[in-house]
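**Q** Here is my input, please return the structure:
(one chain, ligands or ions: 3)
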Amino acid sequence: MRVFIKTYGCQMNERDSEALAGMLSKAGYEIVADEEQADVLLFNTCSVREQAERKAIGKIGYMKKLKQKKPDLVIGALGCMAQRLGNELFQELPHLDFVLGTGQLHTLVPLLESIRADRRQVADLRESAAVLNEMGSHFRPTGAPDAWHGQIAITRGCNRFCSYCIVPYVRGREVSREMNDVLEEARELVASGVREIMLLGQNVAAYGLGGNINPPPPGVSPFAELLEELDRIPELLRVRFTSPYVTYFNDRLIAAMAASRCCCHNVHLPLQSGSDRILRAMNRQYTAESYWEKVCELRAAIPDLTFSTDVIVGFPGESDEDFEWTRELLNRVGFDNAFIFKYSPRPGAKSAALEDSVPQHVKEERNQILLDDLHSRVARLLQGQVGTLQEVLVEGVSPRNPARWCGRTGTNRVVHFEPVPGIEPGTLRKIRIERAGNVSLSGSVQG
Ligand code: SAH
Ligand code: SF4
Ligand code: F3S
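**A** Ligands and ions are numbered 1, 2, ... in the order given. You can find the predicted model right below:
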């Protein structure tokens, strides 16, 4: 049996798909990259914006043709949108065989067996505690170009209920994995050649706090303890994480990051808005000022730290002045990267009750202003790196130019260089930066 998997949405979904592929191959299925070759088509979906849902529904709709040619084809919708729409999906997509929600992903293999034995439409949307640990198994195709990179989901779900966000409804309550399970997975990955690990969670720095939405008191941070334990795995060179919520960076966590051997000097710190009024309406538990103070504290402890962020433009009621606050704070922090989203009302999330009052063209305009700011700032920041010596984790042949290789600094900047004899992906090299482009650096390997 051949299975094709298409993934939408965030890195948590990517990681889930990887684990699903792992389960399927253990059970004797073969993972294929071409949908035309497959006997089973799986769509691991996202609900975060309307556009993400439309894409998946459009794609699954298009698969009807394949099913007409191959009536035995099994088609499944999994993950966040599957959880949100459930049985409704069968009305829109009558050729769909099953809908598997986020709490039942670990039951995919027996579900497929039962559908093949007895063809009927099935939706399973139940919550389950088992999904947390059962999704830990791994699939790393041998010879994958990024065999040096691995991802570990350390939490699932979210308890924060930001007013615009569907994630807490489709992913359920926030739960953390046991530290020993996480460490065991990390050691397994490292033994298989992984040198950089990305820790994943919707609220990753709240790891181990039992889903408490109030930040821990000074001195307490199970996430900091996890970083310290990971530091003790000698062949692990780098640890990254996404996404932390700003209020969880207390003294304990900042000190652990500053002292860490492998924690990268880059933090993705979602801001969403620089206007206190909008932040309150979003149910984000910080102000523009307290966010800025945290950035300063982090920079004082780790001077070369770089930041990236998420921003929503056009939240209901966002005025020109609110937008200017956001723009000003983005420029003040000097983000290296920003993912800017146009507000999309999500049925079921709190803010869907508010009028989506900012016209589409204003959302577009604000989006473009922030992108223009970002691009000119990044070009300037990269220019400032020329002449420096950077430690780079070698990734391999550059996807854009096969004559060059590329890698990344701990601060998450891409560096291109001429390969030298004996150079290997997944190793650290010192590179002298010679030129800066608009989005990346280039230089030469020093020894
Ligand atoms: N857990 C992460 C965010 C996960 S969703 C965090 O809190 O940092 C990724 C990003 O999508 C969010 O940071 C937000 O910027 C954006 N997003 C979420 N819901 C949205 C919506 N309804 N409309 C537009 N953007 C949205
Ligand atoms: Fe959504 Fe907020 Fe949870 Fe992030 S923290 S997933 S934005 S509810
Ligand atoms: Fe989308 Fe679900 Fe991730 S809604 S952003 S795939 S948690």
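**Q** From now on I want contacts and neighbour counts done on CA atoms only, so please keep to that.
**A** Fine.
**Q** Which helix or strand contains residue 80?
**A** Using DSSP states H and E, residue 80 falls within helix 79-85.
**Q** helices or strands up against that helix?
**A** Where contact means 3 or more CA pairs under 8 Å, 6 or more residues apart in numbering; DSSP states H and E, helix 79-85 is packed against strand 40-45, strand 98-100, helix 167-171.
**Q** Now do the contacts for residue 168.
**A** Contact analysis of residue 168 by CA atoms under 8 Å, 6 or more residues apart in numbering lists 157-161.
**Q** Next up, phi/psi of the residue nearest the centre of the chain, please.
**A** Most central in the chain under CA atoms, centre = their mean is residue 11, positioned 3.2 Å from the mean C-alpha point. Per-residue torsions, residue 11: phi -70, psi -30 (degrees, to the nearest 10).
**Q** cool, the one 10 residues further on as well?
**A** When quoted as degrees, to the nearest 10, the phi and psi of residue 21 stand at phi -60, psi -40.
**Q** Could you report the distance from it to ligand 1?
**A** 23 Å (CA to the nearest ligand atom, to the nearest Å).
**Q** cool, and residue 68?
**A** With CA to the nearest ligand atom as the criterion, residue 68 and ligand 1 are 35 Å apart.
**Q** what do you get for residue 407?
**A** 25 Å.
**Q** bridging residues for that residue?
**A** residue 394, residue 415 (DSSP bridges).
**Q** count of neighbours near it?
**A** By the criterion of other CA atoms under 10 Å, residue 407 has 27 neighbours.
**Q** Quick check: it touching residue 414?
**A** Yes - Residue 407 is within contact range of residue 414, at 5.8 Å (criterion: CA atoms under 8 Å).
**Q** Quick one: name the residues of this protein near ligand 2.
**A** 158, 160-162, 165, 167-168, 202-203 (CA under 6 Å from any ligand atom).
**Q** 8 Å instead?
**A** Taking CA under 8 Å from any ligand atom as the criterion, the chain approaches ligand 2 at residues 157-168, 202-203, 243, 245, 284.
**Q** Apart from its neighbours in sequence, what residue is nearest residue 67?
**A** Leaving aside its chain neighbours, residue 67 sits nearest to residue 73 (5.8 Å; criterion: CA to CA, 6 or more residues apart in numbering).
**Q** distance of the one you found from residue 65?
**A** To residue 65, residue 73 is 11 Å away according to CA to CA, to the nearest Å.
**Q** More neighbours: these two, which one.
**A** Per other CA under 10 Å, whichever of residue 73 and residue 65 has more neighbours is residue 73, with 19 against 11.
**Q** Quick check, that one in contact with residue 40.
**A** Yes - the criterion here is CA under 8 Å, and residue 73 meets it with residue 40 at 5.8 Å.
**Q** ok, residue 75 - contacts?
**A** 40-42, 95-98 are the contacts of residue 75 under CA under 8 Å, 6+ apart.
**Q** Partner strands of whichever strand or helix holds it, with direction?
**A** Following DSSP H and E, one finds residue 75 within strand 74-78. Here strand 74-78 has these sheet partners by DSSP bridges: strand 40-45 (parallel), strand 98-100 (parallel).
**Q** quick one: the residue nearest to residue 67 and ligand 3, what's the gap?
**A** Applying CA to the nearest ligand atom to residue 73 and ligand 3 gives a distance of 25 Å.
**Q** What does the pLDDT read for that residue?
**A** As predicted, residue 73 sits at a pLDDT of 96.
**Q** Let me see the contact set for it.
**A** 38-41, 66-67.
**Q** Give the other helices and strands that the longest helix seen in the chain contacts.
**A** Longest helix of the chain, by residue count under DSSP state H: helix 360-383. Counting contacts by 3+ CA pairs under 8 Å, 6+ apart, helix 360-383 packs against strand 306-313, helix 320-333, strand 337-342, strand 428-436.
**Q** So residue 235 lies in a helix, does it not?
**A** No - using DSSP: H, G, I helix; E, B strand; the rest coil, the secondary structure at residue 235 is coil, not a helix.
**Q** my guess is it meets residue 196, correct?
**A** No - using CA under 8 Å, residue 235 is not in contact with residue 196, being 9.5 Å away.
**Q** sec struct for the nearest residue to residue 160 once chain neighbours are set aside, please.
**A** In space, residue 160 comes closest to residue 213 once its chain neighbours are excluded; the distance is 6.4 Å by CA to CA, 6+ apart. At residue 213, secondary structure determined by three-state DSSP is coil.
**Q** Counting neighbours, what do you get for residue 213?
**A** By other CA under 10 Å, neighbour count at residue 213 equals 17.
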